[in-house]
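*Asks:* Provided below are the primary sequence and the corresponding predicted coordinates.
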Amino acid sequence: MLQVPSTTAPTVHSLPSYLNADHLGPWGIFLKQVDRVEPYLGNLARWVETLKRPKRILVVDVPIHMDDGTVRHFEGYRVQHNTSRGPGKGGVRFHQDVTLSEVMALSAWMSIKNAAVNVPYGGAKGGIRVDPKTLSRGELERMTRRYTSEIGIIIGPNKDIPAPDVNTNEQIMAWMMDTYSMNQGSTATGVVTGKPVDLGGSLGRREATGRGVFTVGVEAAKHIGLEVSTARVAVQGFGNVGGVAGKLFAEAGARVVAVQDHGGTIYREAGLDVPNLLKHVQATGSVGGFEGAEVISNDKFWEVPCDILIPAALEQQITAANAGRIQARLVIEGANGPTTPEADDILHERNILVLPDVIANAGGVTVSYFEWVQDFSSFFWDEDEINARLVRIMKEAFSAVWQVAQDNKVSLRTATFIVACKRILHTRELRGLYP
Ligand code: NAD
């Protein structure tokens with residue numbers, strides 16, 4: 001048996017102010033989640049402090065020439081939360097509300113997610129505080145390239161591999177890959193994932209997160225005796241994640257009865273025509289104005305009669321204000337952090353099963369991992385192979401988490417954290433402390 005050298009527990013100092021749980025929104029939520037898991041970590045708990053401090057935080061100034069001749073400065077971030085299990089991995093978000101606390105939390109949730117599905121990555125995340133809808137295409141490209149150049153000192157195919165997140169897409173990944181490659185002097189496709197297929201991207205990547213949501217959703221439904229083929233589904237956010245998940249549930253026979261996006265909320269008891277709704281969204285940008293559905297208020301969305309609710313838009317959508325009205329038996333978190341801790345407790349008390357983000361939306365990073373592997377070998381798999389491997393990994397990860405939840409009588413969120421934190425801290429212990 002492997003003998004792990006006994007090591008003295010790391011000395012714990014009080015946390016620097018920017019890591020303080022009381023003031024920092026999403027990061028504070030992450031710290032509370034770690035505290036909840038600590039009692040289940042056994043001997044590995046002595047390393048838990050590792051999880052409470054991101055390994056590396058980079059804040060960068062991103063100045064660009066605007067089309068009107070002025071210069072504007074944007075604030076950008078890249079946080080590598082943990083790299084014990086492998087290079088950092090996580091998306092880049094362009095949004096006007098991006099904060100350091102948010103990026104820190106998202107990077108930490110990436111560490112958990114990557115460990116939960118057992119892909120050989122640590123966790124990282126990046127972002128720029130900007131509303132990209134206010135930029136021209138040229139401004140968006142210059143901002144993306146300057147940001148990539150600034151964070152170029154810490155990213156790389158073996159160091160930290162960005163990917164798309166809110167308001168970033170294949171085109172932005174192509175610009176990031178090109179900028180990094182120009183600075184290196186050679187083409188490095190493996191520096192980002194979520195690229196266009198013609199540029200080293202992977203088949204199936206675009207649908208992967210929604211497919212993962214569907215796959216683990218079906219597994220969870222089985223455990224609570226919920227028949228998917230007759231289930232009623234409500235989806236918030238009908239973009240990359242929600243649109244694909246909604247389509248797959250509809251194909252499995254479920255009735256998608258309500259959909260909400262930034263343009264409003266639509267409802268049809270008999271089930272919406274999902275293929276046509278997807279076409280409508282593609283043509284008009286939102287579900288608003290879709291014929292053959294009733295328009296209901298955004299607030300009413302939370303109380304529509306349904307069996308499965310899929311929040312797949314933004315953070316902190318299910319709150320103490322609406323959790324008491326949710327009628328679903330199963331909530332599948334397609335978005336990152338859509339449920340506040342207070343709402344989590346309310347749903348738990350109401351016996352509504354929550355399939356947490358850190359497992360439910362891990363399909364995207366799983367196929368990102370396949371993309372990275374394919375880039376290294378310059379050998380590309382067909383879509384059936386990708387989907388089959390994705391489904392296998394998601395089912396295995398779900399099954400392990402379900403078992404831990406049963407054994408410890410904890411929520412699936414806490415169970416996922418137990419599985420993931422043990423994996424991360426085990427590698428921490430095996431590697432030992434440098435020097
Ligand atoms: P997207 O931009 O494709 O879609 C976002 C959707 O949310 C759109 O339908 C938009 O209209 C809707 N939306 C925006 N503001 C809203 C509001 N105020 N109320 C209701 N709906 C609103 O984004 P996406 O890639 O589908 O990401 C959605 C969520 O899933 C995010 O939390 C993201 O971090 C998470 N996620 C995405 C991936 C991925 O691979 N794309 C992977 C893991 C997690």
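*Replies:* In hand now; what should we look at?
*Asks:* from here on, contacts and neighbour counts on C-alpha atoms
*Replies:* Noted.
*Asks:* kindly report the residues of the chain close to the ligand.
*Replies:* 165-167, 209, 236-242, 260-262, 312-314, 334-336, 361, 364 (Cα under 6 Å from any ligand atom).
*Asks:* let's see it at 5 Å
*Replies:* Residues of the chain lying close to the ligand by Cα under 5 Å from any ligand atom are 166, 209, 237-241, 261-262, 312-314, 335-336, 361, 364.
*Asks:* those residues: which two are farthest apart?
*Replies:* H262 and G364 (22.5 Å; Cα to Cα).
*Asks:* more crowded one of those two?
*Replies:* Counted by other Cα atoms under 10 Å, H262 and G364 do not tie: G364 has more neighbours, with 26 against 14.
*Asks:* do you know how far A388 is from F370?
*Replies:* Using Cα to Cα, to the nearest Å, one gets 12 Å for the distance from A388 to F370.
*Asks:* higher neighbour count, these two?
*Replies:* Neighbour count, other Cα under 10 Å: between A388 and F370, F370 has more, with 24 against 10.
*Asks:* may I ask which helix or strand encompasses that one?
*Replies:* In this structure, F370 is located in helix 363-377 according to DSSP states H and E.
*Asks:* next, the buried residues of that helix.
*Replies:* Using 16 or more other Cα atoms under 10 Å as the test for burial, helix 363-377 gives G363, G364, V365, T366, V367, S368, Y369, F370, E371, W372, Q374, D375.
*Asks:* would you put the C-alpha positions of that helix in PDB?
*Replies:* Extracted C-alpha coordinates of helix 363-377, given in PDB (Å, rounded to 0.1, in the frame of the first residue of the first chain):
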ATOM      1  CA  GLY A 363     -21.000  18.000 -19.300                       C
ATOM      2  CA  GLY A 364     -19.500  21.100 -20.900                       C
ATOM      3  CA  VAL A 365     -16.100  20.800 -19.200                       C
ATOM      4  CA  THR A 366     -16.100  17.100 -19.800                       C
ATOM      5  CA  VAL A 367     -16.300  17.600 -23.600                       C
ATOM      6  CA  SER A 368     -13.800  20.400 -23.300                       C
ATOM      7  CA  TYR A 369     -11.500  17.800 -21.800                       C
ATOM      8  CA  PHE A 370     -12.100  15.700 -24.900                       C
ATOM      9  CA  GLU A 371     -11.400  18.700 -27.100                       C
ATOM     10  CA  TRP A 372      -8.100  19.300 -25.300                       C
ATOM     11  CA  VAL A 373      -7.100  15.700 -25.600                       C
ATOM     12  CA  GLN A 374      -8.000  15.700 -29.300                       C
ATOM     13  CA  ASP A 375      -5.900  18.800 -29.900                       C
ATOM     14  CA  PHE A 376      -2.900  17.300 -28.300                       C
ATOM     15  CA  SER A 377      -3.100  14.200 -30.500                       C
END
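*Asks:* pLDDT of it, averaged?
*Replies:* For helix 363-377, mean pLDDT is 97.
*Asks:* next structured bit after it?
*Replies:* Taking DSSP H and E, what comes next after helix 363-377 is helix 383-408.
*Asks:* so how far is that following helix off the chain centroid?
*Replies:* How far helix 383-408 lies from its chain's middle: 16 Å, per Cα atoms, centre = their mean, to the nearest Å.
*Asks:* isn't there a helix covering R72?
*Replies:* No - R72 sits outside any helix when classified using DSSP: H, G, I helix; E, B strand; the rest coil, being strand.
*Asks:* excluding its backbone neighbours, what's nearest the spatially most central residue of the chain?
*Replies:* In the chain, the centroid-proximal residue (Cα atoms, centre = their mean) is N336; its distance is 4.9 Å. Ranked by Cα to Cα, 6 or more residues apart in numbering and with sequence neighbours excluded, the top spatial neighbour of N336 is D357, at 5.5 Å.
*Asks:* need the pLDDT of that neighbour.
*Replies:* Looking at D357, its pLDDT reads 97.
*Asks:* residue contacts, it?
*Replies:* I332, E333, G334, A335, N336, G337 (Cα atoms under 8 Å, 6 or more residues apart in numbering).
*Asks:* what about it, distance to P311?
*Replies:* On the measure of Cα to Cα, D357 and P311 end up 10 Å apart.
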